[in-house]
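Chemist: with the input below, show me the fold.
(chains A and B)
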Amino acid sequence: EAQVTQNPRYLITVTGKKLTVTCSQNMNHEYMSWYRQDPGLGLRQIYYSMNVEVTDKGDVPEGYKVSRKEKRNFPLILESPSPNQTSLYFCASRPQGFLSGANVLTFGAGSRLTVL
Amino acid sequence: GQQLNQSPQSMFIQEGEDVSMNCTSSSIFNTWLWYKQDPGEGPVLLIALYKAGELTSNGRLTAQFGITRKDSFLNISASIPSDVGIYFCAGQPQHGGATNKLIFGTGTLLAVQP
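Modeler: Predicted coordinates:
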């Protein structure tokens, strides 16, 4: 089954304790992206990657890092989490290109993070 | 970052009623997408629109790509309890650059009373 898999689905941590949220896709997609979802703000892009070793900041990158060493994996790293990073996080992927359908994102099931 | 104006923010309706929601932008879009997010899950694509004026249906759902290319509408007919969730519009700006970045609306929360 074509899917984007995120782990963990739920995590409670404390301020300053480094954590990583993993994301893996099995569709051979070039493009991967991380979003956070907060009430009333919709989905805001944190970082994206257009291919292996190519990453760039989205709209709200502060406090986050990413890496893209392999095509299928795109982990989100919080080096020193703070309470304002409490949120619901989504990883998504799609093929890269300009053909119809190339911009349709497939989302993971989400990771709910609470930072105390 | 840029966001789309999506309305209404929330709707509380009775089972069987029809639902309408829309997204508007100040700039021209090449693509409009409608996603649904079930409670505890990630957004799932409902309908994709690629041409101005295009009207596409998916079961009880119908979406339209506005002829001005600055808006899109989603209608749900004869709502049922499983329609509950958050509906997001997403669009690709005409001048979105090489990244094909999608811009998301803020979502419409739909609650359906049996």
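
Chemist: report how many residues lie close to residue 49.
Modeler: Went with chain A since none was named. 21 (other Cβ atoms under 10 Å in any protein chain shown). Backbone N, C-alpha and C define where each C-beta goes, glycine included.

Chemist: not what I meant, chain B
Modeler: 23.

Chemist: and it, what are its bridge partners?
Modeler: On the basis of DSSP bridges, B:Leu49 is bridged to B:Trp32.

Chemist: how close does it sit to chain A?
Modeler: Relative to chain A, B:Leu49 is positioned 10 Å away (Cβ to the nearest Cβ, to the nearest Å).

Chemist: what's the answer for B:Pro93, then?
Modeler: Relative to chain A, and taking Cβ to the nearest Cβ, B:Pro93 is found at 11 Å.

Chemist: now swap in B:Thr106 and tell me
Modeler: Counting by Cβ to the nearest Cβ, the gap from B:Thr106 to chain A is 4 Å.

Chemist: name the nearest residue to the residue nearest the centre of chain A, ignoring sequence neighbours.
Modeler: Residue closest to the average C-alpha location in chain A (Cα atoms, centre = their mean): A:Trp34, at 2.5 Å. Residue nearest to A:Trp34 in three dimensions, not counting chain neighbours: A:Ile46, with 4.3 Å by Cβ to Cβ, 6 or more residues apart in numbering or on different chains.

Chemist: got it, and B:Arg69?
Modeler: Nearest residue to B:Arg69, sequence neighbours excluded (Cβ to Cβ, 6+ apart): B:Ile28, at 4.5 Å.

Chemist: next, the contact list for that neighbour, please.
Modeler: B:68-70, B:93-94 (Cβ atoms under 8 Å, 6 or more residues apart in numbering or on different chains).

Chemist: counting neighbours, what do you get for residue 14?
Modeler: All of this refers to chain A. 11.

Chemist: look at chain B instead
Modeler: Close neighbours of B:Gln14, defined as other Cβ under 10 Å, add up to 9.

Chemist: ok, now A:Cys91?
Modeler: 29.

Chemist: is there a neighbour count for the closest residue to it other than its chain neighbours? I'd like the number.
Modeler: Among residues not flanking A:Cys91 along the chain, A:Cys23 sits closest, at 3.5 Å (Cβ to Cβ, 6+ apart). When neighbours are defined as other Cβ under 10 Å, A:Cys23 has 25 of them.

Chemist: what strand or helix carries A:Cys23?
Modeler: Element membership for A:Cys23, per DSSP states H and E: strand A:19-25.

Chemist: could I get the average pLDDT for that strand?
Modeler: Averaged across strand A:19-25, pLDDT comes to 97.

Chemist: any idea how far that strand is from the chain center?
Modeler: 7 Å (Cα atoms, centre = their mean, to the nearest Å).

Chemist: please identify the buried residues of that strand?
Modeler: Using 16 or more other Cβ atoms under 10 Å in any protein chain shown as the test for burial, strand A:19-25 gives A:19, A:21, A:23-25.

Chemist: list the contacts of the residue nearest to A:Trp34.
Modeler: So A:Ile46 contacts A:33-36, A:58-61, A:64, A:66, A:76, A:89 (Cβ under 8 Å, 6+ apart).

Chemist: in the host helix or strand of it, which residues are buried?
Modeler: Using DSSP H and E, A:Ile46 sits within strand A:42-51. By 16+ other Cβ under 10 Å, the buried positions in strand A:42-51 come out as A:42-50.

Chemist: first to last residue in stretch A:6-17, what's the distance?
Modeler: End-to-end distance for stretch A:6-17, by Cα to Cα, to the nearest Å: 20 Å.
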